[in-house]
Each structure stands twice: as C-alpha cells, then as structure tokens.
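A.B. asks: Show me the folded form of this:
(one chain, ligands or ions: 1)
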Amino acid sequence: MRKKLIAGNWKMNNDLNSSIELAKSISTGIKKDFLNNTDILICPTFISISKVFDSVKGSGVSVGAQNMHFKDDGAFTGEISAEMLISAGCEYVILGHSERRQLFHETNHLINLKLKKALKSGLIPILCVGETLEQREEGIHEKIVDEQITFCLKEISKVEISKVVIAYEPVWAIGTGKTASPEQANQMHNNIRNSIANLYGNDFAQNIRILYGGSVNDKNASELFSQPDIDGGLIGGASLKPNQFLTIIENASK
Ligand code: PGA
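C.D. replies: Below you'll find the model as predicted:
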C-alpha cells in the first residue's frame with residue numbers, strides 16, 4: 001500500500017519571516033490522523049529552509065528544496081549542493097520542475113545528474129515530468145513523458161528507484177487554473193507506472209509514488225486523490241494558503 005504524499009512547492013514566494021509564519025500555520029493545523037497514511041512536505045526558498053525546519057520540528061512536516069546542483073562543492077556561483085540542503089534540514093528535493101526546464105533550460109541529462117547526486121546523498125528526489133499543451137494537442141504527450149522518465153532515470157539502480165517520487169505535472173495545468181481531469185491524470189499515471197514496470201519490473205512500479213500537480217486546490221483534490229494511480233499532489237499556489245493546503249492534506253488522508 002503506497003503512502004500518500006502532499007508536497008507544497010512555494011516557488012519564489014515569501015521572505016524569511018512570512019515563510020516561518022506560513023510553516024507554523026500549516027504545522028499547527030495538522031491533525032494527528034492526517035499523518036497515519038499521508039506524508040507532508042513543504043519546500044520553501046533556499047534561504048528559509050533552515051528556519052522553517054526549526055519551526056516545524058516535531059510536527060511531522062518534512063522540509064525540502066526546489067532545486068540543487070549535482071556537484072559536491074566548488075566554483076559554481078549561486079548554486080547549492082545536496083549536502084548543504086541536508087545540513088539545513090532537507091529530506092526531499094524537487095528536480096526537473098517544468099519551470100526549471102522551460103525558464104532555466106534544464107535538460108533530461110542535467111536532471112539525471114542531479115537525481116543521481118540526490119540519491120547518493122540520501123535526499124528523496126521528486127522527479128517532475130509533464131507535457132506542454134502543444135505536445136498534448138499533437139498527441140505525443142505519452143511519448144514525451146515516457147522519454148522524460150527513461151532519460152532522467154538512466155543508470156538509477158533498483159535499490160535507488162524505490163526512493164524516488166515522480167510528479168506528473170502537465171505544463172498547461174500549472175498555475176493556469178486548468179486541471180487535468182481525474183481520468184486524464186490517472187491515465188498518464190498509469191502510463192508512467194508501465195514505463196517504470198518496463199525499466200524495473202512490476203513490483204517496483206506498484207510501489208513507486210506518483211503525485212499529480214497542476215492547479216490542485218481544496219475543491220478538486222478529493223476527486224483527483226480518489227484515482228487508483230494518484231498518490232498525492234505537488235501543490236503550488238494552494239500551498240501558500242494554509243487553510244487550502246490543510247484541506248488538501250485532509251482529503252489525501254481519507
Ligand atoms: P500550481 O503549481 O499548483 O500553482 O499549478 C504546481 C507546481 O508547479 O508544482
């Protein structure tokens with residue numbers, strides 16, 4: 001039985017003080033039984049990670065980062081390593097988000113290097129995949145996502161794959177208010193599970209968590225999470241609103 005995961009991706013929002021405030025509103029609103037079958041994660045900006053980690057300690061909320069570099073250390077101005085993230089309290093790292101792919105030109109190859117480094121360091125990577133609107137309209141969305149999965153997971157072993165979380169986020173649904181229908185999302189999750197089965201075998205495919213992301217909110221969460229292949233969500237906008245985020249978590253934990 002796969003445990004659900006609800007991850008908040010705060011993107012480039014909130015300064016240090018408002019990050020701490022938001023983290024506290026979320027952690028104090030969590031009811032014990034939410035945690036029985038759901039993992040909860042928040043991903044603030046780099047500068048807030050350490051203080052946010054301190055402020056949610058003991059609440060069951062984990063902290064993650066939105067990106068990292070694949071090298072151990074060195075002359076990489078402006079970059080952050082996996083070890084630095086771990087030392088600040090991170091358990092997870094989001095990799096290959098579509099905003100990183102589109103605005104910062106990250107390729108499947110680069111994401112693969114980051115994924116390997118995250119796993120080697122003991123971080124749980126959340127690998128993001130998803131097609132653009134044009135690709136869906138052209139009917140190549142399944143092929144594109146399968147390629148992203150295959151390239152990003154290159155040389156990842158069976159032992160390592162069991163630690164990876166995948167997030168399917170159709171680019172056309174991110175921050176647009178348009179969500180994939182529960183059936184559309186589930187279909188793609190099922191395809192992703194088949195891609196994993198082809199690479200690692202069915203047991204691994206059945207155990208891997210696949211999150212849906214793209215305009216998830218307190219109204220549509222319940223229907224999305226009731227789909228058999230959807231194991232939680234990667235939440236952007238709604239994770240900045242504590243009440244909405246808590247309702248989403250509550251829906252996942254039912
Ligand atoms: P959204 O963002 O929920 O605001 O659409 C999701 C994401 O980018 O991870």
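A.B. asks: And the closest residue to the ligand within the chain, how close does it get to I196?
C.D. replies: Nearest residue of the chain to the ligand (C-beta to the nearest ligand atom) works out as G236 at 2.2 Å. Yep, even glycine has a C-beta here, placed from its N, CA and C like the rest. Plainly put, G236 is 25 Å away from I196 if you go by C-beta to C-beta, to the nearest Å.
A.B. asks: just checking, the residue of the chain closest to the ligand touches G175?
C.D. replies: Yes: taking C-beta atoms under 8 Å as the definition, G236 is a contact partner of G175 at 6.1 Å.
A.B. asks: Pick out whichever of those two has more residues nearby.
C.D. replies: Taking other C-beta atoms under 10 Å, G236 and G175 do not tie; G236 has more neighbours (21 against 12).
A.B. asks: ok, now which ones touch the more buried one?
C.D. replies: When contacts are counted by C-beta atoms under 8 Å, 6 or more residues apart in numbering, G236 touches N9, K11, I174, G175, G213.
A.B. asks: E131 now?
C.D. replies: For E131, the contacting residues are I140, H141, I144, V145, P170, V171, W172, by C-beta under 8 Å, 6+ apart.
A.B. asks: helix, strand or coil for the closest residue in space to the first one that isn't next to it in sequence?
C.D. replies: Spelled out, that is I140. Sequence neighbours aside, E131 is the residue nearest to I140 in space, at 7.5 Å (criterion: C-beta to C-beta, 6 or more residues apart in numbering). Judged by DSSP: H, G, I helix; E, B strand; the rest coil, the three-state class of E131 is coil.
A.B. asks: And E131, how far from N191?
C.D. replies: According to C-beta to C-beta, E131 and N191 sit 11 Å apart.
A.B. asks: Please enumerate the shared neighbours of the two.
C.D. replies: V145.
A.B. asks: and the residue lying farthest from the centre of the chain, what helix or strand is that in?
C.D. replies: In terms of distance from the mean C-alpha position of the chain, A75 ranks first, at 28.1 Å (C-alpha atoms, centre = their mean). Counting by DSSP states H and E, no helix or strand carries A75.
A.B. asks: Check the gap between the closest residue to T45 other than its chain neighbours and D218 for me.
C.D. replies: Nearest residue to T45 in three dimensions, chain neighbours excluded: M12, at 6.3 Å (C-beta to C-beta, 6+ apart). Note on M12: its distance to D218, by C-beta to C-beta, is 23 Å.
A.B. asks: Compare neighbour counts for those two and give me the winner.
C.D. replies: Legend: neighbour count by other C-beta under 10 Å for M12 and D218, higher for D218 (17 against 7).
A.B. asks: which residues does that one contact?
C.D. replies: With contact taken as C-beta under 8 Å, 6+ apart, D218 is in contact with A238, N243, Q244, T247, I248, N251.
A.B. asks: so who does the second one touch?
C.D. replies: Contact analysis of N243 by C-beta under 8 Å, 6+ apart lists G29, D218.
A.B. asks: residues of the strand or helix carrying it that come out buried?
C.D. replies: Assigned by DSSP H and E, N243 falls within helix 242-253. For helix 242-253, the neighbour count (16 or more other C-beta atoms under 10 Å) marks P242, Q244, F245, L246, T247, I248, I249, E250, N251, A252, S253 as buried.
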